[in-house]
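In: From the sequence below, what's the structure:
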Amino acid sequence: MVNIPNLLTLLRILLVPVFVILIIQGQFLKAILVFVLAGLTDALDGFLARVLRQKTDLGLYLDPLADKALIITSFVTLSVMGLIPPWLAVLVISRDFIILLGISVMALMSIPFEIKPAVVSKFTTAFQLLTVFAVLVLTYLQGVERDGRIVFLFWLTGALTVISGLNYIMRGLRFVGQDAAQNEKK
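Out: Numbering: from 1, shown residues only. Take a look at the predicted model:
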């Protein structure tokens with residue numbers, strides 16, 4: 001169903017290539033503005049879906065995909081440009097790939113599961129977005145130079161990404177174990 005929240009989510013998806021092009025062209029102020037606009041559409045679509053009671057199955061799938069598209073392309077682009085360490089981009093992408101792989105395997109095996117982000121995952125996403133924003137702002141303000149604070153942010157974001165990934169793996173294994181136990185009872 002097409003509604004205002006889903007249209008905002010689609011807009012966020014369409015902003016991703018614009019964001020990447022602006023970064024590649026070195027237009028960091030415009031990239032920051034697009035990044036902030038994407039963040040605002042994320043907050044607004046969720047708010048409107050609740051207030052207008054327009055939550056849809058399409059929105060449940062599109063919203064996290066839009067978030068992942070923005071985060072992954074941000075980390076890849078900034079890493080390729082030498083603004084974010086490659087190891088951090090690999091961690092971010094690997095975590096999301098592992099989550100997607102786990103969901104796919106459980107769906108193929110018809111294992112019942114519920115996708116609810118844990119608190120650590122919410123912090124991880126917030127720090128990933130903060131890292132991208134901080135890199136964009138620092139690059140715009142002072143060029144590529146890094147100080148200790150941004151390096152600390154890289155390590156903190158990396159640690160949270162690993163912890164969140166391990167949390168999802170443990171939760172996935174629990175779902176598999178519960179399904180196996182239920183099948184043995186049958």
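In: What is the subsequent helix or strand relative to the strand or helix carrying residue 104?
Out: Using DSSP states H and E, residue 104 sits within helix 86-108. The helix or strand immediately downstream of helix 86-108 is helix 119-142, counting by DSSP H and E.
In: ok, back up a step: other residues contacting the helix holding residue 104?
Out: Residues outside helix 86-108 that contact it (CB atoms under 8 Å, 6 or more residues apart in numbering) are 68, 71-72, 75-76, 78-79, 113, 115, 124, 128, 131, 154, 157-158, 161-162, 164-165, 168-169, 172, 175-176. To be clear about C-beta, it is placed using only N, CA and C from the backbone, and glycine gets the same treatment.
In: what angle separates that helix from helix 119-142?
Out: 150 degrees (axes from the mean of the first three to the mean of the last three CA atoms, to 10 degrees).
In: and residue 71, how many residues sit next to it?
Out: The local packing of residue 71 (other CB atoms under 10 Å) involves 20 other residues.
In: That one contacts residue 125, doesn't it?
Out: Yes - here residue 71 reaches residue 125: they are 7.3 Å apart, a contact under CB atoms under 8 Å.
In: need the longest helix for the chain.
Out: helix 148-185 (DSSP state H).
In: buried set for that one?
Out: Applying a neighbour-count criterion of 16 or more other CB atoms under 10 Å, one finds 150, 153-154, 157-158, 160-161, 163-165, 167-168, 171-172, 175-176, 179 buried in helix 148-185.
In: what do you get for stretch 57-67?
Out: So, applying 16+ other CB under 10 Å, buried residues of stretch 57-67: 59, 62, 63, 64, 66, 67.
In: Pick the one among these closest to residue 39.
Out: Ranked by distance to residue 39 (CB to CB), these are led by residue 67 at 9.9 Å.
In: which secondary structure element contains the closest one?
Out: helix 57-80.
In: follow-up on the earlier one: name the helices or strands packed onto the longest helix of the chain?
Out: Applying 3 or more CB pairs under 8 Å, 6 or more residues apart in numbering; DSSP states H and E, one finds that helix 148-185 contacts helix 86-108, helix 119-142.
In: Buried deepest among those helices, which one?
Out: Sort those by mean neighbour count, taking mean count of other CB atoms under 10 Å, and helix 119-142 sits at the top with a mean of 18.
In: between that one and helix 148-185, how big is the angle?
Out: 160 degrees.
In: got the contact list for residue 133?
Out: 32, 35.
In: Please report how far it lies from residue 42.
Out: 13 Å (CB to CB, to the nearest Å).
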